[in-house]
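**Student:** Sharing a model prediction with you, sequence too.
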Amino acid sequence: MARDVQLLNRGFSPGKALGLFAKAHPDSGGIASFVGKVRPDGDVKVLELISYERLTLPGMETLAKEVDSRWQLDGLLIHHRTGHMRPGAPIVLVAAAARHRRDAFEAVDFAMDHLKSRSWFWKREKRSDGWHWIEPREEDHADAKRWDV
Amino acid sequence: MARDVQLLNRGFSPGKALGLFAKAHPDSGGIASFVGKVRPDGDVKVLELISYERLTLPGMETLAKEVDSRWQLDGLLIHHRTGHMRPGAPIVLVAAAARHRRDAFEAVDFAMDHLKSRSWFWKREKRSDGWHWIEPREEDHADAKRWDV
Amino acid sequence: MAVTVVFIGKLADLAGEGEREVTAPLSWGGLEDALGADLAEAASQDRTKIAVNGAVLADKTTLQAKDGDEVALLPPVSGG
Amino acid sequence: MAVTVVFIGKLADLAGEGEREVTAPLSWGGLEDALGADLAEAASQDRTKIAVNGAVLADKTTLQAKDGDEVALLPPVSGG
């Protein structure tokens, strides 16, 4: 299966990446995708995602391999930002092309749950009173646990 | 919630529609989407989807309202083709913008299951030996039943 | 004084046309008579539904269509 | 003869720097000594993990780093 896993340190266009992904998989019956953005919540001016070179991208590649082994896919794309982002900026794009709809959906759902709670990123927000470190939400942990067997 | 429900009798670009949808919902944390295409399976030369004016679009609008009532969304898009389509052509695009990821995923998943098995479309395929009427797959019925309460 | 009967999907194949005008008023029995044996048989199958002006009948034998109404014969949907 | 110790996230705030060279070889006890009280306390917390050259240690007290190795101190991930 074609895997496209990237850790990006600059802004990107999910629409463009998704268009190229669709073109690369003309024979798949369906493409499921998810785009996550910096939520323009209240007081947050900047979100910083910190990665660690020796773990973050290798971890994303391990995740992609696991997704590959769990579902029947034609292609899988995982693009994730690192660095400083403004509210509204895209953080992550996951897309799966598959013959069957359910495989594509579950692959994207699983990859997102994993990325949101178990991937090697550290996060802080700049508010009017300075920087604050962020821990994963309980909800994200619970989402990821759904897949544990 | 902003609902964009369209029955299209000409080819469309899911990437473009998705880009416009994302622009229309800059404040949503995430956008989940699914694009379904005519599968280039074996012998199929043309797929025809037949709609019935008095039921098909009203049915899609009823579906959108139900999705709206079940999940917390900022926006929902359902674009569905009718007419003649070649293998590889997009048939359907569903996208949901939401504050929370799970709402967006489930809304798209539910809408697709409903569209694939319970919407007012009739389908036939042109193969080398002529036209064949298609009934829904058992799998699609089972997918839709998951949501019955 | 006519009701338009619309044939959808494979019922249009069977009818050899997309729609047909029949005399109003139209009951279920009158529809069966107007359709002829093959179409009446197809229409009476459980999985064939009937809509009057876009409203699907829960029990098609209760059909009561009047002048100007559109009666659609709907085979099982195949989905999008 | 040095090991590079990398501080990630809030541990970099605490250290006041992103990395530090310490003398090789480096055991867990040697790391605690090299870090000073506050960082050693943070490093010893259950939720702080340690990776050597990108491999996370199951038990950080088994740390054995040699010249040229990179030892990373990893606070709990916050996810993407």
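**Tutor:** Nice, I can see it.

**Student:** Tell me how many other residues surround residue A:129.
**Tutor:** Residue A:129 has 7 neighbouring residues, counting by other CB atoms under 10 Å in any protein chain shown. In short, each C-beta sits where N, CA and C put it, glycine included.

**Student:** cool, residue A:119 as well?
**Tutor:** 24.

**Student:** show me what contacts it?
**Tutor:** By CB atoms under 8 Å, 6 or more residues apart in numbering or on different chains, the residues touching residue A:119 are A:56, A:59, A:60, A:63, A:80, D:77, D:79, D:80.

**Student:** so the second one sits in a helix?
**Tutor:** Yes: in this structure, residue A:59 lies within a helix as judged by DSSP: H, G, I helix; E, B strand; the rest coil.

**Student:** If I look at it, what pLDDT would I see?
**Tutor:** Reported pLDDT at residue A:59 in the predicted model: 96.

**Student:** I'd like the distance between the residue lying closest to it once chain neighbours are set aside and residue D:54.
**Tutor:** In space, residue A:59 comes closest to residue A:120 once its chain neighbours are excluded; the distance is 4.8 Å by CB to CB, 6 or more residues apart in numbering or on different chains. Distance, residue A:120 to residue D:54, using CB to CB, to the nearest Å: 10 Å.

**Student:** re earlier: with respect to residue A:133, which of the contacts of residue A:119 is nearest?
**Tutor:** residue D:77 (11.3 Å; CB to CB).

**Student:** I'd assumed that closest one was in a strand, is it?
**Tutor:** No: with three-state DSSP as the criterion, residue D:77 is located in coil rather than a strand.

**Student:** pretty sure residue A:134 contacts residue A:123?
**Tutor:** Yes: the pair residue A:134 / residue A:123 is scored as a contact, 4.3 Å apart, by CB atoms under 8 Å.

**Student:** Which residues are in contact with each of these two?
**Tutor:** Residues touching both residue A:134 and residue A:123 (CB under 8 Å, 6+ apart): residue D:78.

**Student:** Tell me, how many residues neighbour residue C:6?
**Tutor:** 20.

**Student:** beta partners of it?
**Tutor:** residue C:19, residue C:72 (DSSP bridges).

**Student:** Hmm, it is touching residue C:21, no?
**Tutor:** No: judged on CB under 8 Å, residue C:6 makes no contact with residue C:21 at a distance of 10.8 Å.

**Student:** Now residue A:30. Its backbone dihedrals?
**Tutor:** The phi/psi pair for residue A:30 (degrees, to the nearest 10) reads phi -160, psi 160.

**Student:** mind listing what it touches?
**Tutor:** Neighbouring residues of residue A:30 by CB under 8 Å, 6+ apart: A:97, A:98, A:99, A:100, A:101, A:104, B:34, B:35, B:36, B:37.

**Student:** Over to residue C:74?
**Tutor:** Contacts of residue C:74 (CB under 8 Å, 6+ apart): B:52, B:55, B:120, C:8, C:9, C:11, C:48, C:49, C:50, C:51, C:56.

**Student:** From these, list the buried ones, please.
**Tutor:** In the contacts of residue C:74, burial by neighbour count holds for B:52, B:55, B:120, C:8, C:9, C:11, C:48, C:49, C:50, C:51, counting by 16 or more other CB atoms under 10 Å in any protein chain shown.

**Student:** Nearest to chain A among these?
**Tutor:** Chain A has its nearest neighbour among the buried ones among the contacts of residue C:74 in residue B:120, at 19.5 Å by CB to the nearest CB.

**Student:** In contact with that closest one, which residues are there?
**Tutor:** Residues near residue B:120 by CB under 8 Å, 6+ apart: B:51, B:52, B:55, B:56, B:59, C:74, C:77.

**Student:** rerun that using 10 Å as the cut-off
**Tutor:** Neighbouring residues of residue B:120 by CB atoms under 10 Å, 6 or more residues apart in numbering or on different chains: B:7, B:50-60, C:8, C:49, C:51, C:54, C:56, C:74, C:77, C:79-80.

**Student:** These in strands, which ones?
**Tutor:** Among those, DSSP state E puts B:7, B:50, B:51, C:49, C:51, C:56, C:74 in strands.

**Student:** can you pull the pLDDT of the spatially most central residue of chain C?
**Tutor:** Ranked by distance to the mean C-alpha position of chain C (CA atoms, centre = their mean), the top residue is residue C:73 at 3.6 Å. Residue C:73 carries a pLDDT value of 98.

**Student:** Pick out the residue of chain C closest to chain D.
**Tutor:** As assessed by CB to the nearest CB, chain D sits closest to residue C:80 within chain C, at 33.1 Å.

**Student:** what about the closest residue to that residue other than its chain neighbours, is that helix, strand or coil?
**Tutor:** What sits nearest to residue C:80 in space, not counting adjacent residues and going by CB to CB, 6+ apart, is residue B:115, at 4.3 Å. Three-state call for residue B:115 (three-state DSSP): helix.

**Student:** Next, the contact list for residue B:115, please.
**Tutor:** Contact partners of residue B:115, counting by CB under 10 Å, 6+ apart, are B:34, B:36, B:59-60, B:63, B:78, B:80, B:91-92, B:94, B:121, B:140, B:144, C:79-80.

**Student:** Can you tell me which of the residues you listed is closest to chain D?
**Tutor:** residue B:34 (21.6 Å).

**Student:** what's near enough to touch the residue located most distally from the centre of chain A?
**Tutor:** Distance from the C-alpha centroid of chain A peaks at residue A:129, with 28.8 Å (CA atoms, centre = their mean). For residue A:129, the residues meeting the contact criterion (CB under 10 Å, 6+ apart) are residue A:43.

**Student:** hang on, the earlier thing: any idea how far the residue nearest to the centre of chain C is from residue B:51?
**Tutor:** Counting by CB to CB, the gap from residue C:73 to residue B:51 is 15 Å.

**Student:** The residue nearest to residue C:67 when sequence neighbours are not counted: neighbour count?
**Tutor:** Nearest in space to residue C:67, with sequence neighbours left out and distances taken as CB to CB, 6+ apart, is residue C:24 at 4.1 Å. Neighbour count for residue C:24, taken as other CB under 10 Å: 15.

**Student:** my read: residue C:24 touches residue C:66, true?
**Tutor:** Yes: using CB atoms under 10 Å, residue C:24 is in contact with residue C:66, at 5.4 Å.

**Student:** What residues are bridge-paired with residue C:55?
**Tutor:** With DSSP bridges as the rule, residue C:55 is bridged to residue C:52.
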